[in-house]
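Asks: no sequence on hand, only this structure:
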């Protein structure tokens, strides 16, 4: 089956193939052959390289070639496929169309046209499957999160593109840290934090009586500790920062750690920390899997150490 037939048969499943099919039909006289597609999963940018054929008889036949200027896509570069020389502005954008005068091309028959644009989040979901568990496999000293990423239906895609790459495929793993803080924070500080949490819940529920009782418990709890609200906030923020928290998580190749950010839940102590990991997928490596480990016992020890330094 030819690439154009595969595009046509698969375009109902892949929105990006519908877009590709429109471009292919617009470039029809040039017998377009899509060579590569590069998508950045994180920022949703894309770059498509298409080989077009412009023989002498076609130059004489065509006055201009018009391609609709699809929203979000621009023709950025054109290269002579034989010499690989970059051509200076052979395409002009006029009235919502890209216009090419074939007489402006050098005497070659093949050219690479590079188009750049944006990919919708719905297209990414159709193209790549990403899995991250909400609950880890728990051990005494660590939590293990299994992660998986894969290109969907690669048997169709690898017959359309000579090279397809989806870079920076990101997985957001929500690592639970509340228990590590609970076991590492001194009892008097923990009581103050629990009372503050109860105040927030009471305010949210609208229960004025429970709010008053929670505020009373909070006043009692804060009398027994010399640690201020600001000190607790600064210490917790430092512990869940990328600089510190990164030392307590590891991930298997081909994944790499890329971002760390706490998910604040209305109190000083976050329930989870969002750990972002990334990998690249392509037609040779169509899937990736690995385990993210959170060394929760070591982190709880670090929490205890930091708060002991506060109460001295």
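Replies: In hand now; what should we look at? Quick caveat: nothing in here was measured; it's all calculated off a predicted structure. Numbers count the residues shown, from 1 in each chain.
Asks: each with direction, which strands does the longest strand along the chain pair with?
Replies: Longest strand in the chain, counting residues (DSSP state E): strand 163-176. Strands that pair with strand 163-176, judged by DSSP bridges, come out as strand 33-40 (parallel), strand 272-282 (antiparallel).
Asks: buried ones in the last one?
Replies: With burial defined by 16 or more other CB atoms under 10 Å, the residues of strand 272-282 counted as buried are 272, 273, 275, 277, 278, 279, 280, 281, 282. (Glycine included, C-beta is placed from N, CA and C.)
Asks: contacting residues around the third one?
Replies: Looking back up the chat, that one is residue 275. 172, 173, 174, 175, 245, 249, 257, 259, 260, 292, 294 (CB atoms under 8 Å, 6 or more residues apart in numbering).
Asks: show the buried residues in the residues you listed.
Replies: Among the contacts of residue 275, those buried by neighbour count (16+ other CB under 10 Å) are 173, 174, 175, 245, 249, 257, 260, 292, 294.
Asks: against residue 131, how distant is residue 23?
Replies: Look at residue 23 and residue 131: by CB to CB, to the nearest Å, they are 32 Å apart.
Asks: oh sorry, the question was meant for residue 162
Replies: 28 Å.
Asks: ok so, going back, TSV for the contacts of residue 275, including distance to residue 155 and pLDDT?
Replies: Below are those laid out as TSV (distance: CB to CB, whole Å; pLDDT from 0 to 100):
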residue	distance to residue 155	pLDDT
172	28	93
173	29	94
174	33	94
175	35	95
245	40	96
249	35	97
257	32	95
259	33	92
260	37	93
292	29	97
294	36	97
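Asks: kindly indicate which of the residues you listed lies nearest residue 305.
Replies: Within the contacts of residue 275, distances to residue 305 taken as CB to CB reach their minimum at residue 245, with 14.5 Å.
Asks: which SSE is the closest one in?
Replies: Secondary-structure assignment from DSSP states H and E places residue 245 in helix 242-245.
Asks: re the thing from before, residues of the longest strand of the chain that come out buried?
Replies: For strand 163-176, burial by neighbour count (16+ other CB under 10 Å) applies to 164, 165, 166, 167, 168, 169, 170, 171, 173, 174, 175, 176.
Asks: so for residue 162 and residue 131, which sits in the more crowded spot?
Replies: When residue 162 and residue 131 are compared for neighbours, residue 162 comes out ahead with 15 against 11, by other CB atoms under 10 Å.
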